[in-house]
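**Student:** No sequence on hand, only this structure:
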């Protein structure tokens, strides 16, 4: 199983073949989540910081891990913004340009601080 096929199984996204050079790459899962992928030779790690999950893919096997996330007042504030946007999107509402930009900043900060 390749990391690209696992990403499709987990997130429903089709990625082009990624070079196995050990570089950290990101991909967009949706407005609320980004993913990451690191591939070296026949081993890869991918997941989502916001989902708090990591997957390790090796020939013939994969392992799933739940990560621990940090906690602080700054992080709680960004989670509130993230949750408000998630609620709006689940109700089918469209985010204004300003709200979309603020959500993107919250996602960026959460990925950095978690």
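**Tutor:** Perfect, I can see it now. Note that the structure is predicted; figures quoted are calculated from it, not measured. Numbering: from 1, shown residues only.
**Student:** Before we move on, what's the pLDDT of the most far-flung residue of the chain relative to its centre?
**Tutor:** Distance from the C-alpha centroid of the chain, by CA atoms, centre = their mean, peaks at residue 60 (24.0 Å). Note for residue 60: predicted pLDDT of 89.
**Student:** do you know how far it is from residue 10?
**Tutor:** Distance, residue 60 to residue 10, using CB to CB, to the nearest Å: 18 Å. In short, each C-beta sits where N, CA and C put it, glycine included.
**Student:** same deal with residue 97?
**Tutor:** Distance of residue 97 to residue 10, computed by CB to CB: 31 Å.
**Student:** Those two - which one has more neighbours?
**Tutor:** residue 10 (18 against 7; other CB atoms under 10 Å).
**Student:** Mind checking the pLDDT average for the strand or helix carrying the more buried one?
**Tutor:** Using DSSP states H and E, the element containing residue 10 is helix 3-11. What helix 3-11 shows for mean pLDDT is 95.
**Student:** same thing with stretch 47-54?
**Tutor:** 94.
**Student:** list the buried ones in it?
**Tutor:** 47-51, 54 (16 or more other CB atoms under 10 Å).
**Student:** do the same with stretch 96-104
**Tutor:** Of the residues in stretch 96-104, 102-103 count as buried by neighbour count, 16+ other CB under 10 Å.
**Student:** what about the closest residue to residue 70 other than its chain neighbours, how many neighbours?
**Tutor:** Using CB to CB, 6 or more residues apart in numbering and skipping the chain neighbours, the partner closest in space to residue 70 is residue 114 (5.6 Å). Close neighbours of residue 114, defined as other CB under 10 Å, add up to 17.
**Student:** Next one: residue 114 from residue 5, what distance?
**Tutor:** For residue 114, the distance to residue 5 - CB to CB - is 27 Å.
**Student:** Partner strands of the strand ranked longest in the chain and their direction?
**Tutor:** With DSSP state E setting the assignment, residue counts place strand 21-30 as the longest strand in the chain. According to DSSP bridges, strand 21-30 forms sheet pairs with strand 33-40 (antiparallel).
**Student:** Fine by me, thanks again.
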